[in-house]
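Trainee: I'll drop the sequence and a predicted model, then ask my questions.
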Amino acid sequence: VPLQASGGGLVRAGGSLRLSCGASGTFSRINDMGWYRQYPGKQRELVATTNHGTMDTYADSVKGRFTISGDSVSNTVWLQMNNLKPEDSAVYYCIARALVGSTWYAYWGQGTQVTVSS
């Protein structure tokens, strides 16, 4: 399931960015989509996930600043990031959990760099 992510870039502290990610390919359905981020030398950490309206999950560090939304028809997920802080600088990865045949798989996008200057 290819995932195409976009929307990263360079922004000043307090600014906003919007990430988007679309899933394509052959699958029965997608259970949830979301975003993780990775700092240099660290493991990926959850930023936010959504199962398209039933339940959204956020890391404590982004609550109140980031909003995740999704469209289950187009299999697209967005992450609106407001009031960005330098500590939000990381590579952001889109994830989708999709049913292929009778097996659930987790698919990752290629990563998009977010840099927040102070």
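Mentor: Done, it's in. A quick note: this is a predicted structure, and the numbers were derived from the prediction, not measured.

Trainee: contacts and neighbour counts: CA atoms only from here.
Mentor: OK.

Trainee: list the contacts for Leu99?
Mentor: 27-31, 105 (CA atoms under 8 Å, 6 or more residues apart in numbering).

Trainee: ignore the last one, Val114
Mentor: 8-10, 88-92.

Trainee: partners of the host helix or strand of it in the sheet?
Mentor: According to DSSP states H and E, Val114 maps onto strand 112-117. Using DSSP bridges, the strands paired with strand 112-117 are strand 9-12 (parallel), strand 90-100 (antiparallel).

Trainee: now do it: distance to the chain's middle.
Mentor: In this view, strand 112-117 has its centroid 14 Å away from the chain centroid, taken as CA atoms, centre = their mean, to the nearest Å.

Trainee: again, but for stretch 50-68
Mentor: On CA atoms, centre = their mean, the centre of stretch 50-68 falls 10 Å from that of its chain.

Trainee: how about the residue most central in space within the chain, what does it touch?
Mentor: Centroid-nearest residue in the chain, with CA atoms, centre = their mean: Trp35, separated by 2.3 Å. Residues near Trp35 by CA under 8 Å, 6+ apart: 46-49, 79, 92-95.

Trainee: will you turn those into CSV that also has distance to Ala23 and pLDDT?
Mentor: Formatted as CSV, the contacts of Trp35 follow (distance: CA to CA, whole Å; pLDDT from 0 to 100):
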residue, distance to Ala23, pLDDT
Leu46, 19, 98
Val47, 18, 98
Ala48, 17, 97
Thr49, 15, 96
Leu79, 15, 97
Tyr92, 16, 97
Tyr93, 13, 97
Cys94, 10, 96
Ile95, 9, 96
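
Trainee: who wins for most neighbours among these?
Mentor: Cys94 (30 neighbours; other CA atoms under 10 Å).

Trainee: thought it was touching Gln38?
Mentor: No - counting by CA atoms under 8 Å, Cys94 stays clear of Gln38, with 11.3 Å between them.

Trainee: just to revisit the earlier point, what pairs with the residue nearest to the centre of the chain across the strands?
Mentor: Here Trp35, judged by DSSP bridges, has bridge partners Ala48, Cys94.
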